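Visitor: below are the sequence and a predicted model; questions follow.
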Amino acid sequence: MSDLGSLPGQMRSGWIEVIAGVMFSGKSEELIRRVRRAIIARKKVQVFKSHLDDRYSGALTVVSHDGRSVEAEPVDASLQIAQRISPLVDVVAIDEAQFLDAGVVELATALATRGIRVIVAGTETDFRGEPFGAMPQLMAVAEIVDKLHAICVICGGAASRNQRLLGGKPARYDSPTIMVGGHESYEARCRHCHQVPRRDDEQVPLL
Ligand code: ADP
Ligand code: ZN
């Protein structure tokens, strides 16, 4: 993983790192790893996460699917992050950034300009396989982007898509982007095993 290793030695402090990828691709694990190393380096770190994360259980933590965790402050808007930034902070990490408003791009940019290392993790495509929230913009303005993959549960290949299942069946294209309190479940799948049925089951035209 690139982390700081790929940065030129003389790079001035203050930049944006994005950890993108599908669910189960290890974004939270990677965010936790970078945060732990920053803490060992005696940096002042603040971790935020969207409260919409379905793994949020009342405890103020970022929890990876393998059970590792770090403390985090739950937020539901980029403004709340801006209001809670400590004047002495060196590193700001934000998990589940796809659920935050577009203001997170301006916020991350302002923090990086001020000399702060900003680590943003999130899934950059929704269940349809289309760009999700502010993630595409964050990936564009970041100095470093890592796009992680999970294992496709159908074919064992590299998974790049979030498969939403409703009642065990692939969710249709017109299902809402964010389901609150729904009974949906997700699987990691590759492009070819990913299924998003349309109402009329038409083929997407090439032109
Ligand atoms: P993310 O934040 O991207 O959702 P996590 O860091 O929370 O990912 O979890 C990654 C972990 O999920 C893996 O290390 C592995 O233990 C577990 N896992 C469960 N299903 C899969 C899958 N289909 N492919 C890869 N890892 C999986
Ligand atoms: Zn597959």
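Guide: Yep, it's here. Ligands and ions are numbered 1, 2, ... in the order given.

Visitor: now the helices for the chain?
Guide: According to DSSP state H, the chain carries its helices in the segments 27-40, 78-84, 103-113, 135-141.

Visitor: could you dump those helices into a markdown table and include mean pLDDT?
Guide: Below are these laid out as a markdown table (pLDDT from 0 to 100):
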| stretch | mean pLDDT |
| --- | --- |
| helix 27-40 | 94 |
| helix 78-84 | 97 |
| helix 103-113 | 98 |
| helix 135-141 | 98 |
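
Visitor: out of those helices, nearest to Ile154?
Guide: Distance to Ile154, taken as CB to CB, is lowest for helix 27-40 among the helices of the chain, at 21.2 Å. Where C-beta positions appear, they are placed from N, C-alpha and C, glycine not excepted.

Visitor: who are the packing partners of that closest one?
Guide: Helix 27-40 sits against strand 15-21, strand 45-50, strand 61-63, strand 69-71, strand 91-95, strand 117-122, strand 144-148, with contacts defined as 3 or more CB pairs under 8 Å, 6 or more residues apart in numbering; DSSP states H and E.

Visitor: list the buried residues in it.
Guide: Lys27, Ser28, Glu29, Glu30, Leu31, Ile32, Arg33, Arg34, Val35, Ala38 (16 or more other CB atoms under 10 Å).

Visitor: of the helices and strands packed on helix 27-40, which is nearest Pro197?
Guide: Of the helices and strands packed on helix 27-40, nearest to Pro197 by CB to CB is strand 15-21, at 24.3 Å.

Visitor: residues making contact with that closest one?
Guide: With contacts defined as CB atoms under 8 Å, 6 or more residues apart in numbering, strand 15-21 is touched by 3, 7, 27, 30-31, 34, 108-109, 112, 117-124, 135, 138-139, 141-150, 160.

Visitor: which positions in the protein make contact with ligand 1?
Guide: Residues of the chain lying near ligand 1 by CB under 6 Å from any ligand atom: 21, 23-29, 64-66, 150-151, 153, 188.
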